[in-house]
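[1] Pasting the sequence and the predicted coordinates here, then a few questions.
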Protein chains: 8
Amino acid sequence: DFAELDLDRERRTGFPEVIYGESKTAEQISAIFRRMMEHSDRVLATRVSEGKAESIRSDVPEAEYHPIARTLSWHRNKPQYAPDEDYVAVVCAGTSDLPVAEEAAVTAEMLGCRVERIFDVGVAGIHRLFRRLELIRGAQAVVAVAGMEGALASVLAGLVERPVVAVPTSVGYGANFQGMAALLAMINACAPGIAVVNIDNGFGAGYYAALIQQNRKG
Amino acid sequence: DFAELDLDRERRTGFPEVIYGESKTAEQISAIFRRMMEHSDRVLATRVSEGKAESIRSDVPEAEYHPIARTLSWHRNKPQYAPDEDYVAVVCAGTSDLPVAEEAAVTAEMLGCRVERIFDVGVAGIHRLFRRLELIRGAQAVVAVAGMEGALASVLAGLVERPVVAVPTSVGYGANFQGMAALLAMINACAPGIAVVNIDNGFGAGYYAALIQQNRKG
Amino acid sequence: DFAELDLDRERRTGFPEVIYGESKTAEQISAIFRRMMEHSDRVLATRVSEGKAESIRSDVPEAEYHPIARTLSWHRNKPQYAPDEDYVAVVCAGTSDLPVAEEAAVTAEMLGCRVERIFDVGVAGIHRLFRRLELIRGAQAVVAVAGMEGALASVLAGLVERPVVAVPTSVGYGANFQGMAALLAMINACAPGIAVVNIDNGFGAGYYAALIQQNRKG
Amino acid sequence: DFAELDLDRERRTGFPEVIYGESKTAEQISAIFRRMMEHSDRVLATRVSEGKAESIRSDVPEAEYHPIARTLSWHRNKPQYAPDEDYVAVVCAGTSDLPVAEEAAVTAEMLGCRVERIFDVGVAGIHRLFRRLELIRGAQAVVAVAGMEGALASVLAGLVERPVVAVPTSVGYGANFQGMAALLAMINACAPGIAVVNIDNGFGAGYYAALIQQNRKG
Amino acid sequence: DFAELDLDRERRTGFPEVIYGESKTAEQISAIFRRMMEHSDRVLATRVSEGKAESIRSDVPEAEYHPIARTLSWHRNKPQYAPDEDYVAVVCAGTSDLPVAEEAAVTAEMLGCRVERIFDVGVAGIHRLFRRLELIRGAQAVVAVAGMEGALASVLAGLVERPVVAVPTSVGYGANFQGMAALLAMINACAPGIAVVNIDNGFGAGYYAALIQQNRKG
Amino acid sequence: DFAELDLDRERRTGFPEVIYGESKTAEQISAIFRRMMEHSDRVLATRVSEGKAESIRSDVPEAEYHPIARTLSWHRNKPQYAPDEDYVAVVCAGTSDLPVAEEAAVTAEMLGCRVERIFDVGVAGIHRLFRRLELIRGAQAVVAVAGMEGALASVLAGLVERPVVAVPTSVGYGANFQGMAALLAMINACAPGIAVVNIDNGFGAGYYAALIQQNRKG
Amino acid sequence: DFAELDLDRERRTGFPEVIYGESKTAEQISAIFRRMMEHSDRVLATRVSEGKAESIRSDVPEAEYHPIARTLSWHRNKPQYAPDEDYVAVVCAGTSDLPVAEEAAVTAEMLGCRVERIFDVGVAGIHRLFRRLELIRGAQAVVAVAGMEGALASVLAGLVERPVVAVPTSVGYGANFQGMAALLAMINACAPGIAVVNIDNGFGAGYYAALIQQNRKG
Amino acid sequence: DFAELDLDRERRTGFPEVIYGESKTAEQISAIFRRMMEHSDRVLATRVSEGKAESIRSDVPEAEYHPIARTLSWHRNKPQYAPDEDYVAVVCAGTSDLPVAEEAAVTAEMLGCRVERIFDVGVAGIHRLFRRLELIRGAQAVVAVAGMEGALASVLAGLVERPVVAVPTSVGYGANFQGMAALLAMINACAPGIAVVNIDNGFGAGYYAALIQQNRKG
Ligand SMILES: Nc1ncnc2c1ncn2[C@@H]1O[C@H](COP(=O)(O)O)[C@@H](O)[C@H]1O
Ligand SMILES: Nc1ncnc2c1ncn2[C@@H]1O[C@H](COP(=O)(O)O)[C@@H](O)[C@H]1O
Ligand SMILES: Nc1ncnc2c1ncn2[C@@H]1O[C@H](COP(=O)(O)O)[C@@H](O)[C@H]1O
Ligand SMILES: Nc1ncnc2c1ncn2[C@@H]1O[C@H](COP(=O)(O)O)[C@@H](O)[C@H]1O
Ligand SMILES: [Mg+2]
Ligand SMILES: [Mg+2]
Ligand SMILES: [Mg+2]
Ligand SMILES: [Mg+2]
Ligand SMILES: [Mg+2]
Ligand SMILES: [Mg+2]
Ligand SMILES: [Mg+2]
Ligand SMILES: [Mg+2]
């Protein structure tokens, strides 16, 4: 009883609580995970290191580990999607942004969304983005993940009709301030249609995109 | 020709360009407004002071001025809503946040949404918020406007199922840094389901909420 | 004699000096602790790691270690409280805030207060807070410990009559700036009745709450 | 009805709402003031400029204006104090800090406290502080108001037994950042027994000191 | 003799000193301008308000005023350019960036460069930029002027072969910090081939582009 | 295929992509390096630690490692320079700035420039700079690398005719903020003819200087 | 009696209190000035605007106004200096720094020092500084006043044997942050022999230089 | 030849260069130390860790290591002081400030000053300071070392006649920002007679105090 689980959250907000693994031990995560498997049809833990994951999976072998996203997830029944199912697009600028982008993608999937990944299409080589534009424009919501100067998010918002959820990453150095440069850029985007979550908060962005997408179905 | 109007934007993003009135003269706003009335069925100008508005309306009497929101707007045909029409909730903490909240509301209305206003329900007297909670929970998207420490947005995100678009305002003094305290609080909200726009950017929040709402219909 | 002990402080301010263990060696802490046991009826050391504590307790077995609070304490005679004794409420938002909350609680106890702990009741699930509200409202002073956006402190100040001592914690990431987001939020709280101590300064908050409580008795 | 008055606050927190005059017109303040006179035995408005005050007092002649504190106040029955009544000490460093110190003093008086003022005793001439130390040490709570480097608050906390409520002021220039230097100094005070309110928030400090003092009586 | 003119600078660095008009009176600017006309074949003053310009031109009618750039300039012999002459491209994002872009353009012209202006082509409507790309790519150096999130500079650096001189402008509000958001974005650009000058420093950028261009001829 | 290589970049911007080694494994760098050797006549990887370099060179023995610059480079045919060939000057203030200065030098060499190194000539002993001034003034572009207060860049810009590319380094402590003090100093340089790249971005500065130099030949 | 004059300060620190005129009315300054003329042989008031000075001098005609320094001063007997008298050198970078430099010079004179002024010798044209170096090196203490990047102070400290008192000024724009860039540069100077006072604090620097100089005589 | 030693510095500024050991290897420090022993009568290296010191002393056994100050020093002939010799006072607030205070003391001694140490006299127990005041007031220059809120420096400047060289230390946590809170406090000190060096720069302060003291003798 080291945590007062908010088991009521699914009823209140439509989604179960997600386990934030950062400062928890493997034992704590295992225990909470197991307990949530009894109350919900899907469980997600984020920020789980490879080491912890290994030890947790010896307790909870049903949990699936995604090493790039650093997530552990479990569905009672894996969702199946029709080919023309609505989807969330998760777009990222560089290979270093992958962990955050995957955290967003896995979270949105967990919450019932089909996800299309469009990775490594930053503005330093903008033709890469244009090549994938049709796929991005077809999504119900777009998660834009970028570090350094974060320009990808502004460019996307100017090109797509659907809401862009921007995630600054801490990729960069010097006057980047661990992602603050990208966050400020995204908050100041000159195109409308962007809203921003915290630096490296792939989880928050995937969750938010799923809320938007779910609206569609609702 | 002081501005290269992005007349193509409506085709590209689903919404016409909105005139940002801050650094434009009344003459410039009048001219752009008139020109956009020829290309679109709805025109909106934001950050229009009372003084400018008066002089613009002598040129463009069709435009309606909203003194709190500081907007000028025009619809070829005013939209009519059914009583059970989906809506966007615009919630604000204090009376000083009203201009930003109204800018959000007017923008969302302009983009075709029915809007419910729930104002002056900040956490200093949280019972005021609970009294209005049913109305807020019924919305498709919630705009949360707050200055000072911006706690309203976190509290809302913990209570509603739908996406919260948080707008920090520059209301406050001292270590508030013109709204930066509220922005940081909102970006760090402990509840998921929040994304944030720039300080005092009621326009951006109303626009974003409308994108989410429009999704519903789409 | 590596330190010029302020043995006179108890006479001057009503409380003996508290040993700040962070940058001291186990030997130094042991020596100071022993020396203070000769001059006072209670001794407290904070920021003592588990490793140091073990080695100190082999020298000073009378000292009690609290592993979550990371404190070492000693009373010549443990205080006893009547069931209707006044108390300080220590409230915290999440499990990661526990070390700071416990440091506050142990400090206040050390200085003679009965303490009630109300933990893990952050605003992401605000119903948890309301369930415990009567207990909180009955306190003489309320210590509110929260990281991330620190909204718990504002919400509490709007709900209770007694002074709230707010402690921002460094729990969070990204644009949290190691607790600065929470500190700014608390300093800008829209409700009156809050004053703020440094980030992670559970000691300072517990001490302050005890000063307020002691007033009651004085 | 431009404001949803929190008339319930006196019942909930023990004190009536205080009118924050900064962004309100004279007409708005007059109307709220009158309405609160019907529901409470004492009314306070802060941040009221001399110009507004004059026009409000032609509507509400019962209100008393304090030009340094920039407050308007009214009591149904002025409180009378015994000579040995407990008191709050309001201490300030320099003459430029007077408006903030007076705001604190008037607020505490309004909330029923006897107040002793000890002004212009900053650390540049610390003998001035020592001359008044007995009076300060006799108080139930000490409000310490200082700009520039804010050292007065630390020095006081090291010298008195009672809680110090520190108010940084925006007095200073250059790398003072409108009071941020003093705020940081006070939050980092090396002596325990200090908690801090926002820059220039005399109101918040006076209110907090009154909460502590009231405890005494409670 | 209020200023120790650096008349030697043309010999030392290849260009005469440029008069920074901001904090100088009209009389001071007139006097310096006149004196420099005797020593050099070209004179430039920047940050000259319309009011000052009028009064200076009554003294120095040969000087030409550029009201958008807020510059006063004079050439003994206006340069003539061949149609295939190398050029500097000055590109800006929005109409509010025009004063800074024009300051850059006028400065580069003053220092002997042919200049092509490509204005109002920000990334919110990126097709506007692609329409002008051939002209931009033909330049010897590209000045990129943008406020808000400053994404234009990164996008340009990814598309052109020549050095981009990025100028953040103070256009924006809220968490823009008077241009700091754009400056940080430009300093962190993910594409190489960018270097940055101070916020609103059109002069510095035009000067720098001219140094690069001059190299070509040298 | 962990990375979408921008092989088209050489055609588009005149230079091949450079591998940023910081967050890549030795295996990833080896693979990309090999692949680029097939498409280009020169390959450069930066931010390669000694450990990684050793392991990469067992795969790609043709690559040359520069331990101070921490770069791996390869030329199909090493360029030869005439004694009177144009050159880039790389100037640095102290010995701690060497890694950044060497990264700049190696990058510029890689992109085809002859480079002259003028190291350890900071303003604390300015006579050292004056001794080397003729060599610096003869360059086509000057890279100025300095930490602490970064004054070297301003001093150089006042003394040379050619563009100065300023690189702040993170050398310093205390209120240096990992190079931010130097960055701000360089952005605010009182002499024109400076543009700035990110803290420790030797790569970006060498690249930029090469673009300027290349112009000369073009 | 709006101010508790520290008349004892001359005895305690060797110098009388100096009147800080910024936030005082002309009447207040007159009254304090007169009162100090009775207790001391020299009186100084700083930050006195031209308007206030005029009105004060009608009350206190003995006071001398220095319009650039914005000081009012009075000596019972003007000091006379021998031609070989020790002196303080006050050096400044540009004409915009003059008010601060003059404030320093007047303050040092007031406190009994002979002062040599070496103005407008910033590093953009460093030969101007070298021309005056002998005079500077002959001083007992050097006040270095500079805005923008403040490089002058570092350069001086590397060239002179005596202590340099560095004063950053708020001259600059953009990422200068009202003098913070210069302050950081000076605090991080690579040469030893510098200490720094607040932005625009000419008074503090002149006072400090006089303390050093006075030492010489003592 | 990894370093261009400024052997001329002693002639130019009166003191030899001091070796900054932080980023140098033991071998580099040994080599420079030996070389300087040939050119000067005293050598000092700062920021030398215990590990490096041991290895250096096996090469240069003449060097004396001071483990708290982390310095290595050597005098050809140790200076002897008369009992009434002038002295520098090095004062510090807490035991955690000792390394910085000792660095200052050793540096001043190295440069020929007699030093008096007054340690652990911070303002939390201000009576400790008053007990030592006579000794402090007798010094030619006072070095004030303090972390946290740095109030000691202001208090000292108000009490002593001689120049105070203030050194903020990085001692503290939370909103201390590694010493920035103390630095800002010291720069904003309300008493004149203070100048400030960088955070933890004991070397710079000791050097500066020695320059002042040397003046006395000069
Ligand atoms: N209040 C506002 N805040 C932020 N952006 C706005 C606002 N009003 C309009 N805009 C945006 O400003 C752009 C037009 O800018 P401009 O070309 O300067 O008129 C449009 O793209 C709008 O999306
Ligand atoms: N000077 C002040 N500074 C900060 N808060 C204040 C001040 N005066 C009144 N308040 C608070 O402002 C609230 C009223 O705000 P409003 O509804 O805008 O009048 C009350 O809850 C007071 O607690
Ligand atoms: N040291 C460096 N600093 C900044 N950018 C670099 C550096 N080295 C390579 N790059 C850039 O990094 C990009 C490659 O990033 P990546 O796709 O992560 O390998 C290229 O566009 C280079 O221009
Ligand atoms: N602890 C210190 N902090 C700051 N500067 C120092 C320190 N020790 C030595 N220095 C300075 O560092 C310079 C030598 O730097 P370096 O060439 O890297 O050895 C000398 O000019 C000293 O003035
Ligand atoms: Mg869009
Ligand atoms: Mg929610
Ligand atoms: Mg309350
Ligand atoms: Mg105390
Ligand atoms: Mg490029
Ligand atoms: Mg130059
Ligand atoms: Mg020197
Ligand atoms: Mg003094």
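    Right, received. Where do you want to start? Being a predicted model, the structure only gives us computed values, none of them experimental. Ligands and ions are numbered 1, 2, ... in the order given.

[2] Report the buried residues of the helix ranked longest in chain A.
    When chain A is parsed with DSSP state H, its longest helix is helix A:202-217. Across helix A:202-217, burial judged by 16 or more other CB atoms under 10 Å in any protein chain shown covers A:202-215. Using the backbone N, CA and C atoms, a C-beta is placed for each residue, glycine as well.

[3] all helices of chain A, in order?
    With DSSP H as the criterion, chain A has helices spanning A:9-13, A:26-39, A:50-59, A:98-110, A:127-131, A:133-137, A:151-159, A:180-187, A:202-217.

[4] before we move on, the earlier item: is the longest helix of chain A in proximity to chain C?
    No. With CB under 8 Å from any CB of the partner chain as the criterion, chain C is not reached by helix A:202-217; the gap is at least 9.8 Å.

[5] now stretch A:65-83
    No. Stretch A:65-83 is not in contact with chain C by CB under 8 Å from any CB; minimum separation 13.4 Å.

[6] From the rest of the structure, what touches that stretch?
    Stretch A:65-83 is contacted by residues A:21, A:29, A:33, A:37, A:41-50, A:53, A:56-57, A:60, A:62-64, A:87, A:98-99, A:102-103, A:105-107, A:109-110, A:112, A:114, A:202 when judged by CB atoms under 8 Å, 6 or more residues apart in numbering or on different chains.

[7] Going through the residues you listed, which ones are buried?
    Buried, going by 16+ other CB under 10 Å: A:21, A:29, A:33, A:37, A:42-48, A:53, A:56-57, A:60, A:63, A:87, A:98-99, A:102-103, A:105-107, A:109-110, A:114, A:202, out of the contacts of stretch A:65-83.

[8] OK, contacts around the residue of chain A found nearest ligand 5?
    For chain A and ligand 5, the shortest gap (CB to the ion) falls at A:G193, measuring 3.0 Å. Residues in contact with A:G193 (CB under 8 Å, 6+ apart) are A:A157, A:V160, A:E161, A:R162, A:P163, A:V164, B:T13, B:Y207, B:Y208, B:L211.

[9] how many neighbours does the residue in chain A that ligand 10 sits nearest to have?
    Ligand 10 sits closest to A:A175 of chain A, with a gap of 23.4 Å, by CB to the ion. Neighbourhood size, A:A175 [other CB atoms under 10 Å in any protein chain shown]: 28.

[10] pLDDT wise, what is it at?
    Looking at A:A175, its pLDDT reads 95.

[11] gap between it and D:P79?
    57 Å (CB to CB, to the nearest Å).

[12] ok, now A:E149?
    60 Å.

[13] So for those two, which sits in the more crowded spot?
    More neighbours surround A:E149 than the other of A:E149 and D:P79, with 34 against 13 (other CB under 10 Å).

[14] OK, contacts around the closest residue to that one other than its chain neighbours?
    Nearest residue to A:E149 in three dimensions, chain neighbours excluded: E:A185, at 4.0 Å (CB to CB, 6 or more residues apart in numbering or on different chains). Neighbouring residues of E:A185 by CB under 8 Å, 6+ apart: A:149-151, A:181-182, A:184-185, E:149-151, E:153-154, E:168.

[15] I'd like to know how many residues surround the residue lying closest to A:I126 once chain neighbours are set aside.
    For A:I126, ignoring the flanking residues on the chain, the nearest one in space by CB to CB, 6+ apart is E:G158 at 5.6 Å. Per other CB under 10 Å, the neighbour tally for E:G158 reads 26.

[16] For ligand 12, see how far away E:G158 is.
    57 Å (CB to the ion, to the nearest Å).

[17] Isn't that residue up against A:L129?
    No. Using CB atoms under 8 Å as the test, E:G158 is too far from A:L129 to be in contact (10.2 Å).

[18] Between these two, which contacts overlap?
    Contacts common to E:G158 and A:L129, judged by CB under 8 Å, 6+ apart, are A:V123.

[19] returning to that earlier point: now the contacts of E:A185 as CSV including pLDDT?
    Shown next, in CSV, are the contacts of E:A185 (pLDDT from 0 to 100):
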residue, pLDDT
A:E149, 94
A:G150, 96
A:A151, 96
A:A181, 97
A:A182, 98
A:L184, 98
A:A185, 97
E:E149, 94
E:G150, 96
E:A151, 96
E:A153, 97
E:S154, 95
E:P168, 98
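
[20] ok, so of the residues you listed, who is nearest E:A189?
    The closest of these to E:A189 turns out to be E:S154 (CB to CB; 4.2 Å).

[21] Please verify my assumption that A:Y208 contacts A:V165.
    Yes. Using CB under 8 Å, A:Y208 makes contact with A:V165 at a distance of 5.0 Å.

[22] Overlap in contacts, these two.
    Going by CB under 8 Å, 6+ apart, residues that sit against A:Y208 and also against A:V165 are A:A141, A:A195, A:V197, B:A195.

[23] Now intersect those with the strands, please.
    A:A141, A:A195, B:A195 (DSSP state E).

[24] distance of the closest residue to the last one other than its chain neighbours from chain F?
    Nearest residue to B:A195 in three dimensions, chain neighbours excluded: A:A195, at 3.4 Å (CB to CB, 6+ apart). Separation of A:A195 from chain F (CB to the nearest CB, to the nearest Å) stands at 27 Å.

[25] Report how many residues lie close to A:R162.
    For A:R162, the count of nearby residues is 27 (other CB under 10 Å).

[26] Surely it touches A:V142?
    Yes. Contact criterion CB under 8 Å: A:R162 and A:V142 qualify, at 5.8 Å.

[27] Enumerate every residue touching the residue in chain A positioned nearest to chain H.
    Nearest to chain H, among the residues of chain A, is A:F177, at 13.2 Å (CB to the nearest CB). Going by CB under 8 Å, 6+ apart, A:F177 touches E:L184.

[28] what ranges of chain A fall below the confidence cut-off?
    By pLDDT under 70, the weakly predicted segments of chain A are A:1-9, A:11-14, A:215-218.

[29] for chain B, what are the nearby residues on it?
    Close to chain B, as judged by CB under 8 Å from any CB, chain A has residues A:12-15, A:18, A:140-141, A:158-163, A:165, A:183, A:187-188, A:192-198, A:203-205, A:207-208, A:211-212, A:215-216, A:218.

[30] How far off centre is stretch A:148-163?
    17 Å (CA atoms, centre = their mean, to the nearest Å).

[31] touching ligand 3 at all, it?
    No. Shown here: stretch A:148-163 not in contact with ligand 3 (CB under 6 Å from any ligand atom), separated by at least 8.6 Å.

[32] and A:G172, how far is that from A:A146?
    In terms of CB to CB, A:G172 sits 10 Å off from A:A146.

[33] The two: who's more crowded?
    Neighbours of A:G172 and A:A146, each counted by other CB under 10 Å, are more numerous for A:A146; the result is 33 against 25.

[34] In the sheet, which residues pair with the more buried one? Tell me.
    Using DSSP bridges, the bridge partners assigned to A:A146 are A:P168.

[35] Thought A:G179 was touching it, still the case?
    No. With contacts counted by CB under 8 Å, A:A146 stays clear of A:G179, the gap being 9.8 Å.

[36] tell me, what's touching those two both at once?
    Between them, A:A146 and A:G179 share the contacting residues A:P168, A:T169, judged by CB under 8 Å, 6+ apart.

[37] Residue of chain A nearest chain G, please.
    A:A175 (10.1 Å).

[38] Could you pull up the contacting residues of that residue?
    A:A181, E:L184, E:I187, E:N188, F:G179, F:M180, F:L183, F:N198, F:I199.
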